[in-house]
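1. need the 3D shape of this:
(2 chains)
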Amino acid sequence: MTEQVESVISADRSAQAGIERSASLWADAWRDLRRRPVAIASAVVIVLVSSMAAFPWLWTRTDPRDCPIQLSKATPSAAHIFGTNELGCDYYAMTIYGARASIIVALVSTSLVLLVGALVGMAAGFYGGWVDSVLSRLADIFFALPFLLGALVFLSMLRSHSVWTIVLAFAVLGWPPLARIVRASVLATKNMDYVQAARSLGASDRRLLFRHILPNAAAPAIVVATILLGTYVASEATLSYLGIGLQPPEISWGIMIAQGQSYVTSGYPHLLLFPAAFLSATVLAFILLGDALRDALDPKLR
Amino acid sequence: MGGPGAGGLKGLEVTPLGRYLARRLLQFVPTLLGALFILHYLMTVGIQLNGDPARAVFGDRTPSQSQLQAMQRVFGTDDPCFEQAGNPCLTVFVHRLENMAQGDFGVDSRERPVVTLIAEHAPITARLALLAILIELLVGVTAGVLAGLRGGSFWDYVVKVSTTMLVAIPIFVVGAVTQLVLGVEFGSWLKGVGAPDLLTGLFSIAYRTDQPWASLVMPAFVLASLSLATTARLTRTSLMENLRGDYVRTATAKGLTRNRVVGVHALRNSLIPVITNLGISFGNLLAGAVVTEGIFNIRGIGGLVFGAVATGEAATVVSVVTILVLVYLLCNLIIDVLYAVLDPRIRLD
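-> Numbering: from 1, shown residues only, chains lettered A, B, ... in the order given. From the prediction side, this is the model:
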């Protein structure tokens, strides 16, 4: 009875929506995003930082590892607009090259987390029963481990750290939130009329999952993934700052901040402030874009 | 729904609350074992990929066979399974669990028990966490009320922008910049004008043993910054919701003053999600405390962890983190149970 009423109401709503606009959710979201200055600004920052990561030579011709020691700790000037660090390396070039580690860690970790989270969430939500019980308990267990502490244990066991060991740590520890989100949307979708219709037409489980159910989970998953990108940039920098992530001579904003901090007291605050500003802007951009995406993709808020 | 035990317990006279508590306790055991196993497995894989942490303690020196074996026994890495990649070392795990059950969490390279080390360092971390929670509640709730009283006002805007910044900027950047501006610049100016000890303690760069509370205030602010933003936003949203409630209209119609309506009627209800969040964010607080202590060079549990990382004592890191995770899981359990007991509206199935 209530189901009928609900379906009547939702049919009514979609009829109204049809009169207002006929575009899809994604087209609506895109139009909505273009009207948000915060979203545009964030996207611009992300494009700029990504270009620094992919093509640093577009931004600087100076080699960040070419360090004349006589230039040690120069304050910002025309030749070195961000100054130099204690070894005489050009700080602007270092800051530009520092984007690469952050972006690679964030992109690869997030992709892996999306993949694992989506597979686990789909299996748990679609098959239910003992599959759901086992996978959900497993996610609970990983959830019980504070993220940074888990990464700390894993990385402190390794003697050499690269971008890939950090990615591994993040991917192993990071999938449960995504699995939960995907599971929730699969559960909400799998008994809908159009899925039942597809099933009764003889669609296979795989077709049902990937063609009919997964697209509904895409919107929330993409929102969370965008925010995760920012979180991973921050986490990589935090671990590198604490000396358990990347290690010199690798160039990373976290390492630069850690090293710069020790010269702050002796009057070189720029060694701290430049990488800190780049890092904060990048994380802020991902998180704000995620927030804007959430607002744009959630029709209930319109 | 309905856990595996629900049906079997029906014959007994068990209240829904009792059943919930029993199920929650039953769920706690596999979660605990699972989390401990993940930590163990991360360590095992690390050793299998990278070699024995017992060897790392010696640094550049080459230990003699007997020295190495002695250190391996100390760390509990003398089992041959640590040389077979992929082996989960279950016997070692079971052995460790037995030791943990007896309160033995291993020793560091100087053979001091980790439990003793933790007990030495815990008071500082506890003070830091306590201060952070107080700051979070005080500043967060005040900011949330300021913003929630009138949506779209100047204060609403200020709180919205500043909380976004706090969420997005990594805690160590906040810490490093706070240290630069307040600790270095303002702190040395204070010293220059001969301010009283309490004030210089408040704005000192590092932890000072002569000011055990005051010199932790700035680190506590940094630690609180993340959950503070969430607290402010939650207070704002739920206060705005509650202000539209019928009971608030009734209270206003009765002729109560605005302060009483907001302070006693609306705010009290609005704080429920805030307290919930406080419980949930406890894990972040714990992990954040470790990071904050790293930034401000505080010799608490975080200081212990980073000291161990720096000297390559991976076994100590694992033991300390294991204890932290235990504390975290126990706190979560207590919060859940308290909830079920205190709030009759929570569904127990």
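2. where does the prediction get shaky in the chain?
-> As the question left the chain open, I've gone with chain A. Applying pLDDT under 70 to chain A flags the ranges A:1-23, A:70-71, A:73-74, A:78, A:159, A:265, A:299-302.
3. you looked at the wrong chain, it should be chain B
-> B:1-13, B:50-57, B:59-60, B:74-77, B:195, B:198, B:205, B:343-349.
4. element containing the spatially most central residue of it, please.
-> Closest to where the C-alpha atoms of chain B average out (Cα atoms, centre = their mean) is B:L286, at 1.8 Å. Using DSSP states H and E, B:L286 sits within helix B:282-296.
5. how about B:L32?
-> helix B:16-50.
6. list the buried ones in that helix?
-> B:19-21, B:23, B:27-28, B:31-32, B:34-48, B:50 (16 or more other Cβ atoms under 10 Å in any protein chain shown). C-beta coordinates here come from the backbone N, C-alpha and C atoms, glycine included.
7. and for stretch A:44-52?
-> Going by 16+ other Cβ under 10 Å, stretch A:44-52 has these buried residues: A:45-46, A:49, A:52.
8. what's the answer for stretch A:273-284, then?
-> A:273-276, A:278-284.
9. mind checking which of the residues you listed land in strands?
-> Members of these lying in strands (criterion: DSSP state E): none.
10. ok, the residue nearest to the centre of chain B touching B:V327?
-> Yes: with contact defined as Cβ atoms under 8 Å, B:L286 counts as touching B:V327 (7.1 Å).
11. leaving out sequence neighbours, find the closest residue to A:P68.
-> A:G88 (4.8 Å; Cβ to Cβ, 6 or more residues apart in numbering or on different chains).
12. that neighbour reaches A:D66, doesn't it?
-> No: using Cβ under 8 Å, A:G88 is not in contact with A:D66; the gap is 9.1 Å.
13. more neighbours: the two, which one.
-> A:G88 (17 against 10; other Cβ atoms under 10 Å in any protein chain shown).
14. look up how far A:I69 lies from that one.
-> 5 Å (Cβ to Cβ, to the nearest Å).
15. and A:A101, by the same measure?
-> 24 Å.
16. now do B:G183
-> 30 Å.
17. just the ones of the buried residues of stretch A:273-284 in helices?
-> A:273-276, A:278-284 (DSSP state H).
18. quick one: A:L229 and chain B, what's the gap?
-> Distance of A:L229 to chain B, given as Cβ to the nearest Cβ, to the nearest Å: 12 Å.
19. and for that residue, the neighbour number?
-> For A:L229, the neighbour count with other Cβ under 10 Å is 26.
20. A:A285: what's it in contact with?
-> A:41-43, A:45-46, A:49, A:230 (Cβ atoms under 8 Å, 6 or more residues apart in numbering or on different chains).
21. TSV for those, including secondary structure?
-> Shown next, in TSV, are these (DSSP: H, G, I helix; E, B strand; the rest coil):
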residue	secondary structure
A:A41	helix
A:S42	helix
A:A43	helix
A:V45	helix
A:I46	helix
A:V49	helix
A:G230	helix
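22. out of those, who's nearest chain B?
-> A:G230 (6.7 Å; Cβ to the nearest Cβ).
23. does any part of the helix holding B:L286 sit near chain A?
-> Yes: residues of helix B:282-296 contacting chain A under Cβ under 8 Å from any Cβ of the partner chain: B:283-284, B:286-288, B:290-291, B:294.
24. tell me the one of those residues nearest A:R294?
-> B:N284 (20.7 Å; Cβ to Cβ).
25. show me what contacts residue 236?
-> Chain wasn't specified; assuming chain A. A:101-102, A:105-106, A:166, A:170, A:245-246, A:252, A:254.
26. let me rephrase: I mean chain B.
-> Neighbour list for B:R236: B:143-145, B:147-148, B:156, B:159 [criterion: Cβ under 8 Å, 6+ apart].
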